[in-house]
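Peer 1: Structure for this input, please:
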Amino acid sequence: LAEIFMFIFFGALIQEAGGSEFFTRVAIALTGKARGGPAKAAVLGSALFGCISGSGTANVFATGSVTIPLMKKTGFNPEFAGAVEAVASSLGQLIPPVMGAAAFLIAEFSRRPYMEVAAAAAVPAILYVFAVYLAVHFQAEKAGIGIYQTDEEEPGIWETFRDYGHILLPVIVLVVLLAQRRTAYYSSTMATLSVILVSYLRPTTRMNWAKLSEAVETAIWRVITIASTLLSAGVAVAALQTTGTPYRLTAVIVQLAQGNMFGVLLLVAMTVIVLGMGLPVTGAFLIASVFGASALMEFGIDPFVTYMFIFMYGILAPITPPVCLSSFAAASIAETSFIRTGIRGFILGIPAYIIPFMVAYNPTLLNIFGSGFWFGIQSFITAIIGIIALVSATEGWMNGQLNLFQRAVLFIIAFGLLWPGTASDIIGLAG
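Peer 2: The predicted structure follows:
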């Protein structure tokens, strides 16, 4: 819990020092001249902010109050604007270096350094963000939304880095210390102290007592939420283990799967999502790991891959109908239907539901060069092309409206490219 507190305090300090402003301005500057720029800025900004906040719903309220009205003003319908914010904010929990609190449990359960957990999340996170960004681009083309024009001059990328760029220095400190195999607690403590020092380099980020106390209060409330969740989940897990329920549930899952690896993955994924509808990601991960991890390991899946699979589905629960809290939060800001926003968010996030299966069948995506440089490059490129085909099929657009036959063909191509193996890649590329 001490490590979690320091990482959360680090994120809260970065936020108060102007981190959210920095990430939002960078995202707007990078996408200002692009079609549907505000929605693309929401994807990048929310994902970047998620890497320091580690909370999907909190991320929606922090960035959505700015990005959602801007998306609506650009021409995106309210349901889509809310869905974009909800999906991007939830998936931001997978982006290193802070990630969600469950990432620390992965490190603890798999006995891996936290740096390995953060590094393993890099490629899935890139695929997630790319998929949502591409869907936004296709939607902008379908709706005929062009480049957003405003009378106000937005700060450029160089002005943004001049005023806020030094805020990245503590993040660099954190990554370097973790790369040197320092403990997560030591690394996060040093990085947290460096935030205070670095903030004094510019008046725009300078920490005062008001900002410091706000950061402390934010961190305390977030830790209380996580601690209470861990305590409640811990009691539930202890009670389940006393009665032997996890072993029986593992046996039931394995029996229902009937020796099929895809079946057991699907059952565990559904279990995690159901748990995540009533619990925070950390609680759902902890309880699901008790019986779900054992079921997956019985099929020969590596423990680390198992815990990453459960974690990635845990962060999808807040955007999965009918109880999709992140989508509901975004809908309240967009002033639109909760249900329609939730359904649109689910469709937008379809690639995110497939990527964990890709990881389970092809663990190379968690260590892109672990099986050789060229094999890693092949896995990444085919995954990117597969995501393009999948997003085109789900959105029904690729340089024009697609009919049902064309969408079906793209689904088959996407399946071939996303399924591990050279043979399936060739079939997908041939399609």
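Peer 1: Now do residue 371, the pLDDT please.
Peer 2: Looking at residue 371, its pLDDT stands at 66.
Peer 1: from now on call the first residue 3
Peer 2: Yes, from this point I'll number from 3; that puts the last item at residue 373.
Peer 1: Just want the most central residue of the protein.
Peer 2: Using Cα atoms, centre = their mean, the residue of the chain that lies closest to the mean C-alpha position is residue 93, 2.0 Å off.
Peer 1: give me every residue that touches that residue.
Peer 2: 49, 52, 127, 130-131, 134, 317, 351, 354 (Cβ atoms under 8 Å, 6 or more residues apart in numbering). The way it works is simple: take the backbone N, C-alpha and C, and place the C-beta from them, glycine included.
Peer 1: That one: which element?
Peer 2: Residue 93 is part of helix 80-93, with elements assigned from DSSP states H and E.
Peer 1: Extract the C-alpha trace of that helix and format it as CSV.
Peer 2: C-alpha atoms of helix 80-93 as CSV (Å, rounded to 0.1, in the frame of the first residue of the first chain):
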residue,chain,number,x,y,z
PRO,A,80,-23.1,13.8,-27.9
GLU,A,81,-23.2,10.0,-27.6
PHE,A,82,-20.0,9.6,-29.6
ALA,A,83,-18.3,12.4,-27.8
GLY,A,84,-19.1,10.8,-24.4
ALA,A,85,-18.1,7.4,-25.7
VAL,A,86,-14.7,8.6,-26.9
GLU,A,87,-13.9,10.3,-23.6
ALA,A,88,-15.1,7.2,-21.6
VAL,A,89,-13.1,4.7,-23.6
ALA,A,90,-9.9,6.8,-23.8
SER,A,91,-10.0,7.6,-20.1
SER,A,92,-10.5,3.9,-19.0
LEU,A,93,-7.8,2.6,-21.3
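Peer 1: Name the residues of that helix that are buried.
Peer 2: Along helix 80-93, these residues count as buried under the neighbour rule (16 or more other Cβ atoms under 10 Å): 80-93.
Peer 1: In TSV: these, plus pLDDT and distance to residue 331.
Peer 2: Below are these laid out as TSV (pLDDT from 0 to 100; distance: Cβ to Cβ, whole Å):
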residue	pLDDT	distance to residue 331
80	89	14
81	91	14
82	89	16
83	88	13
84	89	9
85	89	12
86	89	13
87	88	9
88	88	7
89	88	12
90	86	13
91	84	9
92	83	10
93	81	15
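Peer 1: Quick check: the farthest pair among those?
Peer 2: Spatially, the most separated pair among the buried residues of helix 80-93 is 80 and 93, at 20.7 Å (Cβ to Cβ).
Peer 1: which residue ranges form the helices in the stretch 303-433 of the chain?
Peer 2: Along the stretch 303-433 of the chain, counting by DSSP state H, counting those that start in this stretch, helices occupy 305-316, 327-336, 340-350, 352-363, 375-397, 406-420, 424-432.
Peer 1: right, and the ones you listed - which one's nearest residue 213?
Peer 2: It is, among those and with distance given as Cβ to Cβ, helix 327-336, at 24.6 Å.
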